[in-house]
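Q: Kindly return the folded structure for what I paste below:
(one chain, ligands or ions: 2)
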Amino acid sequence: MKIFNTMTRQKEEFIPLSEGEVKMYVCGPTVYNFFHIGNARTFVVFDSVRRYFEYRGYKVNFIQNFTDIDDKMIKRANEENTTVKELGDRFIEEYYKDADALNIERATVNPRATHYINQIVEFVKELIDLGYAYETNGDVYFNTKKFQGYGKLSKQNIEELQLGARIDVDERKKDPMDFAIWKSQKPGEPAWESPWGMGRPGWHIECSCMARDLLGETIDIHAGGSDLAFPHHENEIAQSEARTGKTFANYWMHSAFVNVNNQKMSKSLNNFFTAREILEKYDADVIRMFMLSGHYRTQINFSLELLDSTKAALDRIYNSIANLENLLDEVKVENITESEKEYTKTLTSYRQKYIEKMDDDFNTADAISVIFDLVREINTNVGSNSSKELVKYSLDLIRELGNPLGILQNSKKGSIEEEIEKLIEQRQQARKNKDWALSDKIRDDLKAQGIILEDTPQGVRWKRI
Ligand code: AMP
Ligand code: ZN
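A: Residues are numbered from 1 along each chain as shown. Ligands and ions are numbered 1, 2, ... in the order given. Presented below is the predicted three-dimensional model:
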């Protein structure tokens, strides 16, 4: 399998630290709000990466943290007149509701920053002892100039980074690029005891600390949205590698942003959607297929029209699934015939193509096209004359290829019949209203789907061609 590694800007063969295992850390949400569709893309993308590794037989140790203490948490808790802890508890619960609804597999562990304060304090102490961090008036900063490799992920040296980033000048720091790993308590802020007085961790340190604790000093894959490459991931590398002298992560993966109607999503532009709002209108399958129909390293544009067209495309696959489910009850021949056995080789070739696409840096966009090709193939060649075994084989294969993407697992059994009955009802109504055009259209549409209607004295009957 090949993965595009942000560190080298190249696709590289994936070689795990331990055979058959993947140690993966994904930066998770700050839990002060419902997550939005941009966050959702990042979560869905890395959920599919994880599922695909599992599909290929790896055991995945998947860690995604909750940032439950930072400026945004404190501000929101104050606005809502509640505590940071209560806010965190509440939005972690809401996170699980939406993530479960999006069919995102639960992480092996979701560590919370505030549950790691002791280890974080230890980590900070070690960095001071090693000479990589210094304390001023209760704050502790990481000395970026001291760490040789600073800037290696963003491919810039410190001077370039300094020019590019608008960084507050702060006389407490030795260098503007230095960043806080421990912050002293300001009035009204939650705080914990430390050798430097009451305070709280800086943001970046939690990920270094929790990744080490749960996965070890070197991990296979570290991932997050593209906004995190700098400074967050650069700072994580500095902290972790300064402490151990070892490579922190072998592969860095970054997923691109979601724009809305070709603009950056923001509350002030009024083009901001939470995942929950969208889940009220669309199935998880539609949302996931939309998110995965672009490559994870290219930005995608979000609009309700695009979701509608994704839904229409997905319906085509589900129609085929429903048809196969119904055929399972209807077909007469039980066992697969010799010629059908031969034909399964054609079907299996789609699996091969799919694996080729996914092995190439998780090209979900092309993998989805392969599923459409497979469905077309099955629609043409598997039907009421096929054996039950072949029908089942076809259905299982569609589901198998959908699973790493977290889609196509629903049953639509019987739903085709319901749909047809509804259309027949509408046609009867049209005829009563002498709306011959509509009545003919319904008959023709059904015919296009392989359904013919017969008007009998007992009423309308339908059968498959
Ligand atoms: P946050 O809660 O802002 O820390 O974000 C949680 C995760 O979502 C991080 O991995 C971010 O990089 C990612 N993320 C934030 N905004 C977007 C966006 N508009 N599109 C895609 N990913 C995003
Ligand atoms: Zn992180």
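Q: how many other residues sit next to residue 15?
A: Applying other Cβ atoms under 10 Å, we find 10 residues neighbouring residue 15. Where you see a C-beta, it was placed from the backbone N, CA and C, and this is true even at glycine.
Q: Give me the nearest residue to it, chain neighbours excluded.
A: Leaving aside its chain neighbours, residue 15 sits nearest to residue 250 (7.7 Å; criterion: Cβ to Cβ, 6 or more residues apart in numbering).
Q: Show me the strands in the stretch 251-400 of the chain, by range?
A: 258-260, 263-264, 300-302 (DSSP state E, counting those that start in this stretch).
Q: Partner strands of the shortest one, with direction?
A: So that's strand 263-264. Next to strand 263-264 in the sheet, as set by DSSP bridges, lie strand 258-260 (antiparallel).
Q: Residues contacting the strand it pairs with, please?
A: Defining contact as Cβ atoms under 8 Å, 6 or more residues apart in numbering, one finds that strand 258-260 is touched by 37-38, 40-41, 265, 269, 271-273, 291, 299-303.
Q: rerun at 10 Å
A: Residues external to strand 258-260 that are found in contact with it (Cβ atoms under 10 Å, 6 or more residues apart in numbering): 36-42, 225, 264-266, 269-273, 290-291, 294, 299-304.
Q: didn't residue 110 look like it was pressed against residue 67?
A: No: between residue 110 and residue 67 no contact is recorded; they are 11.1 Å apart, counting by Cβ atoms under 10 Å.
Q: just to revisit the earlier point, what separation is there between the residue nearest to residue 15 and residue 256?
A: Using Cβ to Cβ, to the nearest Å, residue 250 is found at 22 Å from residue 256.
Q: what does the stretch 151-300 of the chain have sitting close to ligand 1?
A: Taking Cβ under 6 Å from any ligand atom as the criterion, the stretch 151-300 of the chain approaches ligand 1 at residues 224, 225, 227, 228, 257, 258, 265.
Q: From those, pick the one nearest residue 458.
A: Within the set of those, residue 258 lies nearest residue 458; the separation is 53.8 Å, counting by Cβ to Cβ.
Q: quick one, helices of the stretch 251-400 of the chain?
A: Assignment of helices within the stretch 251-400 of the chain using DSSP state H, counting those that start in this stretch yields the ranges 275-281, 284-292, 304-330, 338-359, 364-381, 388-402.
Q: other SSEs contacting the second one?
A: The reference is to helix 284-292. Secondary-structure packing of helix 284-292 (3 or more Cβ pairs under 10 Å, 6 or more residues apart in numbering; DSSP states H and E): helix 37-55, helix 84-101, helix 275-281, strand 300-302, helix 304-330, helix 364-381, helix 388-402.
Q: Can you say which of the ones you listed is packed in most?
A: Using mean count of other Cβ atoms under 10 Å, the stretch among the helices and strands packed on helix 284-292 with the largest mean neighbour count is helix 37-55, at a mean of 24.
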